[in-house]
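Trainee: the following block contains a protein sequence and its predicted model.
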Amino acid sequence: MRKESPSAAPRLVDMPWLRGHLEDGTVLPVEVGVDASSYYEAHVPGAVAISWLDDLHEPDRRGLPTQARTEQLLGGLGVSPDTHVVLYGEDDNRYAAYAYWVLRYYGHERLSLLDGGRGAVLTAGGPVTTDRTDLVTTRYASRVGDERIRVSRDELLTHYVGSPSGTALLDCRTPTEYRGREGCVVDLPLMRHRLGGHIPGARNLQHRDLLDPATGRFRPLGEVREVFADRGVGIADDVVLYCDVGDRSALGWFALHELLGNPNARNYDGGWSEYGSLVGAPVHR
């Protein structure tokens with residue numbers, strides 16, 4: 001596991017850790033849902049909300065938010081480059097993991113993911129509240145996007161399709177999606193595509209295989225390492241992960257890059273929504 005300096009933010013934290021730091025006021029909890037509705041039902045005291053759909057995608061084109069939009073979002077939430085942001089959310093933490101990846105892409109360093117997400121918050125017996133947090137806006141300045149953790153369509157087609165020697169592709173969707181037998185269960189415009197299957201050379205690693213099914217928390221690191229090893233992936237390999245639009249694969253990227261310390265793990269956020277719509281791109285079923 002990657003060793004952090006004493007001043008660095010731990011990549012993964014649990015509820016006892018978060019409780020202790022809520023009291024000393026050193027962290028900003030951020031709840032990330034597909035929208036912000038669950039936040040208003042109950043959330044960690046002092047938390048602010050991010051909508052995966054509205055805040056982490058551009059309104060007039062497909063793709064992750066621009067640098068300017070991300071700066072506006074974080075500044076509006078009162079985040080500065082020194083703020084320790086702790087992300088958590090619903091649905092296996094997939095949306096929180098995507099937010100984590102976006103913020104890491106734009107260079108935010110003091111960043112943690114809450115193990116178990118919103119489920120861990122609710123089963124821990126508190127504290128939770130329905131009170132909205134008063135925001136003090138800031139002017140946030142980010143760094144240019146870090147392409148070392150992201151793969152574009154063109155680079156994917158040139159270097160990774162077919163999983164040539166020295167590379168690996170991991171499809172983080174369900175086995176039925178991987179085999180091309182299942183359409184997207186949520187009909188959102190950014191998820192629509194025409195063809196089922198997977199990228200040639202990709203191996204299937206459903207994102208939930210990395211989690212304890214009883215708690216939604218990550219499996220012990222040794223087991224997480226074995227899950228990747230079972231797909232022929234080592235912790236130093238050149239790996240691209242994808243799903244439909246980059247959220248489930250962001251959770252896989254977090255496990256491989258942040259927990260196991262693979263510096264060569266990258267997320268293809270275009271995902272199957274983009275690749276499955278490309279004219280002439282090879283597909284396996």
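Mentor: Arrived safely, thanks for sending.
Trainee: ok, which stretches of the protein are strands?
Mentor: 12-13, 27-33, 48-51, 84-89, 111-114, 167-171, 202-204, 238-242, 265-267 (DSSP state E).
Trainee: ok, the second one: who's next to it in the sheet?
Mentor: Within its sheet, and counting by DSSP bridges, strand 27-33 is paired with strand 48-51 (parallel), strand 84-89 (parallel).
Trainee: now the last one, how far from the chain's geometric center?
Mentor: Which is strand 84-89. 12 Å (CA atoms, centre = their mean, to the nearest Å).
Trainee: quick one: contacts of it?
Mentor: Strand 84-89 has contacts (CB atoms under 8 Å, 6 or more residues apart in numbering) with 9, 13, 18, 21, 26-33, 44, 52, 79, 95-97, 99-100, 103, 108, 110-114, 116-118, 120-121. C-beta: built from backbone N, CA, C; applies to glycine.
Trainee: low-confidence ranges in the stretch 51-200 of the chain?
Mentor: Within the stretch 51-200 of the chain, the stretches with pLDDT under 70 are 182-194.
Trainee: my read: S249 touches V151, true?
Mentor: No: in this structure, S249 is not within contact of V151 by CB atoms under 8 Å, at 10.2 Å.
Trainee: find the nearest non-adjacent residue to A96, please.
Mentor: In this structure, A96 finds its nearest non-sequential neighbour in G89, 3.6 Å apart by CB to CB, 6 or more residues apart in numbering.
Trainee: residue contacts, H43?
Mentor: 29, 31, 49, 121, 128-130.
Trainee: of the residues you listed - the most surrounded one?
Mentor: Counting neighbours by other CB atoms under 10 Å, E31 comes out on top of the contacts of H43 with 28 neighbours.
Trainee: what about the helices in the stretch 101-250 of the chain?
Mentor: Along the stretch 101-250 of the chain, counting by DSSP state H, counting those that start in this stretch, helices occupy 117-123, 153-159, 175-178, 221-230, 247-253.
Trainee: which helices and strands sit right next to the fourth one?
Mentor: It stands for helix 221-230. Judged by 3 or more CB pairs under 8 Å, 6 or more residues apart in numbering; DSSP states H and E, helix 221-230 is in contact with no other helix or strand.
Trainee: follow-up on the earlier one: and the strands of the chain, which is most packed in?
Mentor: strand 265-267 (a mean of 29; mean count of other CB atoms under 10 Å).
Trainee: rounded mean pLDDT for that strand, please.
Mentor: Strand 265-267 carries an average pLDDT of 98.
Trainee: show me what that strand is packed up against.
Mentor: With 3+ CB pairs under 8 Å, 6+ apart as the test, strand 265-267 has strand 238-242, helix 247-253 packed against it.
Trainee: how many neighbours does A47 have?
Mentor: Counted with other CB under 10 Å, residues neighbouring A47 total 23.
Trainee: OK, contacts around it?
Mentor: Listed by CB under 8 Å, 6+ apart, the contact set of A47 reads 28-31, 39, 133.
Trainee: those residues: which two are farthest apart?
Mentor: Spanning the widest gap among those are L28 and Y39, at 13.8 Å by CB to CB.
Trainee: which parts of the chain belong to which domain?
Mentor: For the chain, automatic domain parsing gives the domain ranges 12-123, 147-275.
Trainee: out of the helices and strands packed on strand 265-267, nearest to A214?
Mentor: Of all these, helix 247-253 sits nearest to A214, with 17.4 Å by CB to CB.
Trainee: centre of the chain to the closest one, how far?
Mentor: Using CA atoms, centre = their mean, the offset of helix 247-253 from its chain centre is 5 Å.
Trainee: same deal with stretch 119-129?
Mentor: Relative to its parent chain, stretch 119-129 has a centroid offset of 21 Å by CA atoms, centre = their mean.
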